[in-house]
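Student: Got a predicted structure plus its sequence, pasted below:
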Amino acid sequence: MRVAILVSGSGSNMVALAQSMTGDHPARPCLVLANDPDAGGLARAQAMGIPTAAVDHRPYPGDRAAFEAALLEPLLAAKPDLIALAGFMRVLTPDFVRRFEGRMLNIHPSLLPKYKGLNTHARAIAAGDQEAGCTVHEVTAALDDGPILGQARVPILPGDTAERLAARILPMEHRLYPLVLRRVAMGERAPVSLP
């Protein structure tokens with residue numbers, strides 16, 4: 001299976017996904033696509049020999065449809081079977097999501113359905129939660145709302161800040177996302193969890 005990975009920043013989850021797609025893995029990365037030409041993930045993908053493209057979202061203020069039309073050009077040219085959103089910080093329109101229904105995954109830094117959207121770690125701490133984590137889910141038209149395919153949990157420790165909690169969750173993201181992607185590429189969608 002061909003996997004296109006969409007990034008906005010450094011691409012640490014992209015690297016974890018790409019490094020996992022070797023040997024007997026049923027998928028391979030076919031494109032890393034960013035909405036920022038300066039995204040660090042592009043250089044990291046190039047260093048790994050993965051084709052890259054960038055479609056800067058800034059020339060399309062308030063026109064998500066026009067941005068997505070431009071985004072579709074390199075994406076469709078790569079002929080992906082699956083799309084993995086890995087820190088892609090743009091909200092996609094329902095029309096775009098429907099085009100790839102059942103074939104688009106996302107990783108979100110909370111234990112969904114809790115804390116959709118941004119500032120998830122600070123919100124979990126402020127709520128007095130005992131644990132936090134990350135979720136890989138299928139992308140649907142509703143924000144951070146698709147079927148859950150996997151979750152990883154970490155305890156919230158006394159004195160935790162959002163930054164400290166994020167730093168403990170990130171390695172779990174790097175374990176969970178490759179695990180779920182491999183399972184999906186093999187046709188398995190039953191949710192998995194990491195302690």
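Tutor: Done, it's in. Numbering: from 1, shown residues only.
Student: And the next helix or strand past the lengthiest helix in the chain?
Tutor: Ordering each helix of the chain by length in residues (DSSP state H) puts helix 162-185 first. Downstream of helix 162-185, the first helix or strand assigned by DSSP states H and E is strand 192-194.
Student: what's the distance between that next one and the middle of its chain?
Tutor: Mean-position distance between strand 192-194 and its chain equals 17 Å (C-alpha atoms, centre = their mean, to the nearest Å).
Student: which neighbours does that strand have in its sheet, and in what orientation?
Tutor: strand 148-155 (parallel) (DSSP bridges).
Student: got the angle between the partner strand and helix 162-185?
Tutor: Here strand 148-155 runs at an angle of 150 degrees relative to helix 162-185 (axes from the mean of the first three to the mean of the last three C-alpha atoms, to 10 degrees).
Student: So for the longest helix of the chain, what gets flagged as buried?
Tutor: 162, 165-166, 168-169, 172-174, 176-185 (16 or more other C-beta atoms under 10 Å). Bear in mind the C-beta positions are built from the backbone N, C-alpha and C, glycine included.
Student: Would you map the strands across the protein?
Tutor: 2-7, 28-34, 52-54, 82-85, 104-108, 131-138, 148-155, 192-194 (DSSP state E).
Student: Tell me which other helices or strands the longest helix of the chain touches.
Tutor: If you count contacts as 3 or more C-beta pairs under 8 Å, 6 or more residues apart in numbering; DSSP states H and E, helix 162-185 packs onto helix 12-20, strand 82-85, strand 104-108, helix 120-126, strand 131-138, strand 148-155, strand 192-194.
Student: For Met89, see how far away the nearest residue to Ala18 once chain neighbours are set aside is.
Tutor: Closest residue in space to Ala18, ignoring its immediate chain neighbours: Pro29 at 4.8 Å, by C-beta to C-beta, 6 or more residues apart in numbering. Applying C-beta to C-beta, to the nearest Å, the value for Pro29 to Met89 is 20 Å.
Student: So between those two, which is more surrounded?
Tutor: Each of Pro29 and Met89 has its neighbours counted (other C-beta atoms under 10 Å); Pro29 has more, 23 against 14.
Student: if we look at the sheet, which residues does Leu82 bridge to?
Tutor: The partner residues for Leu82, given DSSP bridges, come to Val3.
Student: Also Leu105?
Tutor: So, taking DSSP bridges as the rule, Leu105 has Ala84, Glu138 as bridge partners.
Student: try Ala54
Tutor: Ala34.
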